[in-house]
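S.K.: Sequence plus predicted model, see below.
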Amino acid sequence: MTDTDAAVVGGGATGVALARDLAERGVETTLVERDDLAAGASGAMHGLLHSGARYAVADPESARACIAENRVVRDVAPDCVADTGGLFVSLPADPDDYLDRLEAACADCGIETERLTGAEAREREPGLSPDTEAALAVPDATVDPVRLVAATALAAERAGAEIRTGTAVTDVLVEDGRAVGVELDGGERIGAEVVVNAAGAWGEQVAALAGVPLDMTPSRGAMTVVGDALVSGVVNRCRPKSSGDIVVPCGDACILGTTDVEVDDPDDFAVDDREVALLFEELTPAVPALADAAVDHTYWGVRPLYEPDADGDSVGFSRTFSLLDHAERDDRPGFVSVVGGKLTTHRAMAEAAADLVCDRLGVAADCVTADEPLPDADEATARYGLSDLLTGTRRASRR
Ligand SMILES: Cc1cc2nc3c(=O)[nH]c(=O)nc-3n(C[C@H](O)[C@H](O)[C@H](O)COP(=O)(O)OP(=O)(O)OC[C@H]3O[C@@H](n4cnc5c(N)ncnc54)[C@H](O)[C@@H]3O)c2cc1C
């Protein structure tokens with residue numbers, strides 16, 4: 001059995017950021033991903049680097065976390081980010097007072113905004129509907145998550161982490177009630193002082209391998225790519241968060257999103273074309289050229305939502321993350337889960353998890369991931385045989 005200090009399960013944004021953070025603090029780390037890096041939600045999302053405005057009214061804690069990390073990701077990974085800006089666009093059908101509430105909530109959360117008339121908004125974003133009454137400009141940006149994950153993984157490797165892809169964790173080894181490592185498909189065993197479950201929507205399954213319950217609520221979302229650059233910045237419907245309320249520019253295409261439907265199994269879920277139709281119904285009033293736009297492809301991602309005490313529709317679940325120390329929660333020392341959150345806040349999630357792991361290992365080093373720039377993303381994607389969000393989702397949607 002090979003040994004390491006920390007074994008991280010899952011090579012999405014959270015797992016690679018954790019491997020990077022631990023390795024940069026001098027912790028010997030092995031990350032295991034069953035597929036390619038970013039094969040889960042991290043490679044199947046809109047590519048919005050949230051300003052936090054989307055959450056400011058209903059979920060200010062998430063909003064504050066997003067604006068803080070929006071600034072960090074721009075700084076450390078400029079070659080993964082496009083500073084497109086974003087607009088919340090108020091149409092006649094939208095709630096009268098929502099723009100005012102949004103503006104006030106953004107101010108409370110420290111998100112800078114600029115109020116625009118309909119004419120000013122259309123000058124900035126000519127594809128908007130002539131019915132646009134007013135808009136709020138926010139510091140949304142776009143991020144290529146595949147490039148970001150690859151660059152983060154490369155930073156982790158350069159700091160000494162081992163990144164293993166195409167290998168699933170099939171068991172969490174437990175001795176005398178304590179997690180002591182993982183077993184991989186093929187039977188290889190890796191001994192570890194701490195095993196971290198960063199398996200996103202699959203977190204419940206990985207926790208079950210360690211014999212602990214974790215009630216995830218995986219939720220699918222549809223994203224449709226149209227092959228025209230109909231917008232230059234992020235366009236958000238100006239109303240409480242709901243299905244079909246965002247258009248995200250992506251190169252010479254744009255991505256319409258999204259829906260929110262709970263699924264039982266993140267590997268095996270039905271999709272529903274009515275969700276794609278809904279995206280067009282809800283977004284064409286904001287960007288009328290969508291009525292004639294050609295669909296390039298549609299892809300689906302599964303959110304790693306975890307809110308065990310919540311009732312009702314997952315669209316309203318908080319987007320904050322959860323760090324679970326199973327030593328305290330389930331009497332399973334050596335096992336930690338970090339789930340939920342957003343891609344935008346992945347680094348902060350990893351920092352919190354790394355703080356806990358370092359505390360357990362008696363390592364005193366500070367986190368440096370908010371200040372140290374990531375390696376070149378082109379070099380990183382070549383290293384892992386990846387390319388970018390659109391190429392990845394085109395390939396996935398053909399499977
Ligand atoms: C439709 C949709 C749109 C979204 N849009 C945005 C957005 O615009 N902006 C934003 O900030 N966030 C967005 N998100 C949220 C964001 O994508 C996720 O919160 C984030 O990517 C989760 O990262 P993660 O690393 O925790 O999980 P994942 O990326 O899902 O990674 C988990 C990994 O674990 C691996 N794994 C599972 N089981 C095992 C095993 N047994 N052994 C080894 N590996 C295993 C999986 O293959 C997977 O790669 C969106 C999500 C969805 C679904």
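M.R.: Right, received. Where do you want to start?

S.K.: Break the protein down into its domains, please.
M.R.: Following automatic domain parsing, the chain resolves into domains at 2-42+146-216+316-398, 86-140+219-303.

S.K.: Next, format those as a markdown table and append mean neighbour count, distance to Glu61 and mean pLDDT.
M.R.: (Each C-beta comes from the backbone N, C-alpha and C, glycine too.) Shown next, in a markdown table, are the domains of the chain (neighbours: other Cβ atoms under 10 Å; distance: least, Cβ to Cβ, whole Å; pLDDT from 0 to 100):
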| stretch | mean neighbour count | distance to Glu61 | mean pLDDT |
| --- | --- | --- | --- |
| domain 2-42+146-216+316-398 | 21 | 5 | 96 |
| domain 86-140+219-303 | 19 | 9 | 97 |
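
S.K.: could you redo these as CSV and give each row distance to Leu48?
M.R.: As requested, the domains of the chain are exported to CSV (distance: least, Cβ to Cβ, whole Å):
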stretch, distance to Leu48
domain 2-42+146-216+316-398, 8
domain 86-140+219-303, 5
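
S.K.: Quick check: His326 vs Glu351, distance?
M.R.: His326 sits 19 Å away from Glu351, taking Cβ to Cβ, to the nearest Å as the criterion.

S.K.: Kindly report the residues of the stretch 151-300 of the chain close to the ligand.
M.R.: With the criterion set to Cβ under 6 Å from any ligand atom, the stretch 151-300 of the chain comes near the ligand through 168-169, 198-202, 206, 221, 223, 257-258.

S.K.: Which stretch among the domains of the chain approaches Ala63 most closely?
M.R.: Ala63 lies closest, by Cβ to Cβ, to one member of these: domain 86-140+219-303, at 4.3 Å.

S.K.: Figure out how far the closest one is from the centre of its chain.
M.R.: Distance, stretch centre to chain centre, for domain 86-140+219-303: 17 Å (Cα atoms, centre = their mean, to the nearest Å).

S.K.: now do stretch 152-167
M.R.: For stretch 152-167, the distance to the chain centre is 19 Å (Cα atoms, centre = their mean).

S.K.: what does stretch 168-183 give?
M.R.: 27 Å.

S.K.: and it, how far apart are its ends?
M.R.: With Cα to Cα, to the nearest Å applied, stretch 168-183 spans 9 Å between its terminal residues.

S.K.: hmm, back to that, so of the residues of the stretch 151-300 of the chain next to the ligand, which ones are in helices?
M.R.: In helices, judged by DSSP state H, the following of those are found: Val206.

S.K.: ok, the residue of the stretch 51-200 of the chain found nearest the ligand - contacts?
M.R.: Residue nearest to the ligand within the stretch 51-200 of the chain: Gly200 (2.5 Å; Cβ to the nearest ligand atom). When contacts are counted by Cβ atoms under 8 Å, 6 or more residues apart in numbering, Gly200 touches 10, 12, 14, 40-42, 266, 302, 304, 339.

S.K.: Which residues does the residue nearest to Leu99 when sequence neighbours are not counted form beta bridges with?
M.R.: Excluding the flanking residues, the one nearest Leu99 by Cβ to Cβ, 6 or more residues apart in numbering is Ser90, at 4.8 Å. Ser90 forms beta bridges with Ala134, as assigned by DSSP bridges.

S.K.: Glu133 is in contact with Ser90, correct?
M.R.: Yes: between Ser90 and Glu133 a contact is recorded at 4.9 Å, counting by Cβ atoms under 8 Å.

S.K.: C-alpha coordinates for stretch 208-219, PDB please?
M.R.: Extracted in PDB, the C-alpha atoms of stretch 208-219 (Å, rounded to 0.1, in the frame of the first residue of the first chain):
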ATOM      1  CA  ALA A 208     -21.400   5.600   1.700                       C
ATOM      2  CA  LEU A 209     -18.100   3.900   0.900                       C
ATOM      3  CA  ALA A 210     -16.900   5.300   4.300                       C
ATOM      4  CA  GLY A 211     -20.000   4.100   6.000                       C
ATOM      5  CA  VAL A 212     -21.400   7.600   6.700                       C
ATOM      6  CA  PRO A 213     -24.700   9.100   5.500                       C
ATOM      7  CA  LEU A 214     -24.700  12.300   3.400                       C
ATOM      8  CA  ASP A 215     -28.000  13.300   2.000                       C
ATOM      9  CA  MET A 216     -27.100  15.200  -1.200                       C
ATOM     10  CA  THR A 217     -29.900  16.600  -3.500                       C
ATOM     11  CA  PRO A 218     -28.300  16.400  -6.900                       C
ATOM     12  CA  SER A 219     -30.100  18.600  -9.400                       C
END
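
S.K.: Which residues does it contact?
M.R.: Contacts to stretch 208-219, defined as Cβ under 8 Å, 6+ apart, come from residues 169-172, 174, 179, 195, 197, 201, 203-204, 207, 260-266, 302-308, 310, 314, 317, 324, 326, 329-330, 332, 335, 337, 339.

S.K.: Sort out which of the residues of the stretch 151-300 of the chain next to the ligand are in strands and list them.
M.R.: Using DSSP state E, the members of these that fall in strands are 169, 221, 223, 257.

S.K.: For the last one, give its distance to Val182.
M.R.: Right, Gly257. With Cβ to Cβ as the criterion, Gly257 and Val182 are 34 Å apart.

S.K.: Then the first one?
M.R.: Using Cβ to Cβ, one gets 5 Å for the distance from Val169 to Val182.

S.K.: and if you look at the second one?
M.R.: Between Gly221 and Val182 the distance, using Cβ to Cβ, works out to 30 Å.

S.K.: Can you tell me which of the ones in strands among the residues of the stretch 151-300 of the chain next to the ligand lies closest to the ligand?
M.R.: Gly221 (2.6 Å).

S.K.: residues in contact with the closest residue to that closest one other than its chain neighbours?
M.R.: Leaving aside its chain neighbours, Gly221 sits nearest to Thr258 (3.8 Å; criterion: Cβ to Cβ, 6+ apart). By Cβ under 8 Å, 6+ apart, the contact set of Thr258 is 46, 221-223, 243-244, 246, 279.
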